[in-house]
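S.K.: With the input below, show me the fold.
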Amino acid sequence: DQQAVFNDFVPDRHKPIVAFLMIYGCRPGEARAMKCKDVDLANDCFTISSSFSGHVYREKKRKGRGAKPTVKPIHDDIRSYIEDRVDNNHPEAWLFPNPATGEAYGPRSLSKLWQRIRTKAGIPEYIRFYDATRHSRASQEANKGVPSHTIQELLGHSNSEMTKRYTHLN
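M.R.: All right, here's what the predicted structure looks like:
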């Protein structure tokens with residue numbers, strides 16, 4: 001269902017950031033804050049170390065108590081986009097710029113995008129973007145039998161209780 005919604009209802013110009021959020025389950029503010037310099041193509045990975053809080057870019061500060069930078073491998077489904085973006089842009093350029101402005105996505109732009117996708121796809125109003133990406137990623141891992149502490153690490157939670165709130169079996 002998630003793949004069908006992505007393919008059929010996410011506009012092509014927004015697919016890179018939506019795919020990134022679906023694959024990694026990171027916070028939208030973290031994806032918005034990614035810069036080309038955060039990618040290490042030589043080692044096939046990137047580091048999530050910054051975030052946005054509203055319109056404020058928080059360099060080297062993630063949300064969550066004591067949340068440390070996290071290094072993730074580049075997934076094949078988004079590799080060509082990331083390689084192209086890093087190879088053809090300044091290190092300080094946003095990895096996922098808003099196609100309408102060329103700047104970082106604003107705090108409400110992803111919410112508005114999700115509202116349009118949700119409406120077109122007939123998804124109930126109570127399903128938030130956060131649910132469709134971050135919670136969904138946690139739930140998919142739990143349903144595959146991935147241990148809770150691994151999911152906790154994936155999401156960058158400082159305690160297991162928060163992770164339990166994110167995972168919805170079946």
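S.K.: which residue packs closest to Thr133, ignoring adjacent ones?
M.R.: Leu21 (4.0 Å; CB to CB, 6 or more residues apart in numbering). Any C-beta I mention is one placed from the backbone N, CA and C, and that applies to glycine too.
S.K.: now Ala33
M.R.: Using CB to CB, 6+ apart and skipping residues adjacent in sequence, the residue nearest Ala33 is Ser50, 4.2 Å away.
S.K.: where do the strands sit along this structure?
M.R.: Secondary structure of the chain by DSSP state E: the strands cover 39-40, 45-48, 51-53, 56-58, 70-73.
S.K.: So in that sheet, which strands flank the third one, and in what orientation?
M.R.: Here strand 51-53 has these sheet partners by DSSP bridges: strand 56-58 (antiparallel).
S.K.: Repeat that for the first one.
M.R.: Its sheet considered, strand 39-40 pairs with strand 45-48 (antiparallel) by DSSP bridges.
S.K.: now what about the strand it pairs with, what contacts it?
M.R.: Under the contact criterion CB atoms under 8 Å, 6 or more residues apart in numbering, strand 45-48 has outside partners 24, 26, 30, 34, 38-40, 62, 69-74, 82, 95, 156.
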